[in-house]
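> Compute the structure for the input listed below.
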Amino acid sequence: MTATVFCSRAEPLRPRDDGDPEEEKAPLLGPDQLLAAIAGHLTQGSSLIEWARELGDLHAALIPVRLNRTRLPAEFDEARVHIDIAEIVSEIDSWAFVHVPRAPGARRHTHSLGEVISHIAKIYANAWWTVLHVDDNDVRHEAWFHLGEVCEGYAQLIHDVQASGIRFPLGWRGIRHAPPT
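Numbers count the residues shown, from 1 in each chain. This next block holds a predicted model:
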């Protein structure tokens, strides 16, 4: 089954102009670009593309954990997946610190850019799993509709960042998952 989610269009965010020409090659992804990156359909360009894809894969790997722990392969390391997600979120937040403008008077968003992208990747993985594995059309529609809402919220968020109305917090890795001993 092939399905497409179309989001409100927003122009990719341009990086801060600190005079470094390399930095100007790394805008924030627009909502359609972000979904394409998470899905693996967009492979060239910013580091955000690679990180978004990795987050999509990692969140997809966690779906069986939530469904039925007894059917997991013996070598599956849930803690390692959570650690990998936290590391990628941290990488995105470090990237955002350099590339995304932070208007001094803008209100602060509740989540860092890495947390936002991770959330979208999780919703994308869950929606696709639902579309592919659930027979109930209403449930599939609800999953796809929720993904559309999240995508529209992201489009509005990057628009607000462009307009200097919102800035991302620096992020915090939080309480870290420890691998089992």
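> Can you list the low-confidence ranges for the protein?
Within the chain, the stretches with pLDDT under 70 are 1-26, 68-71, 172-181.
> mind listing the strands in the chain by residue range?
Ranges of strands within the chain are 107-108, 166-167, based on DSSP state E.
> Reformat the ones you listed as JSON lines; add mean neighbour count.
Every C-beta, even on glycine, is put in place using the N, C-alpha and C of the backbone. Below are those laid out as JSON lines (neighbours: other CB atoms under 10 Å):
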{"stretch": "strand 107-108", "mean neighbour count": "10"}
{"stretch": "strand 166-167", "mean neighbour count": "19"}
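> now those in TSV, with distance to Arg53?
Formatted as TSV, the strands of the chain follow (distance: least, CB to CB, whole Å):
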stretch	distance to Arg53
strand 107-108	28
strand 166-167	25
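> Nearest to Ala36, out of the ones you listed?
Closest of the strands of the chain to Ala36 is strand 166-167, at 23.7 Å (criterion: CB to CB).
> ok, and what's touching the closest one?
Residues from elsewhere that reach strand 166-167 (CB atoms under 8 Å, 6 or more residues apart in numbering): Val100, Pro101, Arg102, Ala103, Ala106, Arg107, Arg108, His109, Leu157, Asp160, Val161.
> Just those residues: which are in helices?
Members of the contacts of strand 166-167 lying in helices (criterion: DSSP state H): Leu157, Asp160, Val161.
> By neighbour count, which of those wins?
Of all those, Val161 has the most neighbours under the rule other CB atoms under 10 Å, reaching 23 neighbours.
> Identify the residues contacting the residue nearest the centre of the chain.
Centroid check for the chain by CA atoms, centre = their mean gives Ile117 as the closest residue, at 2.0 Å. Residues in contact with Ile117 (CB under 8 Å, 6+ apart) are Leu34, Leu48, Trp51, Ala52, Leu55, Val89, Ile92.
> Good, wrapping up.
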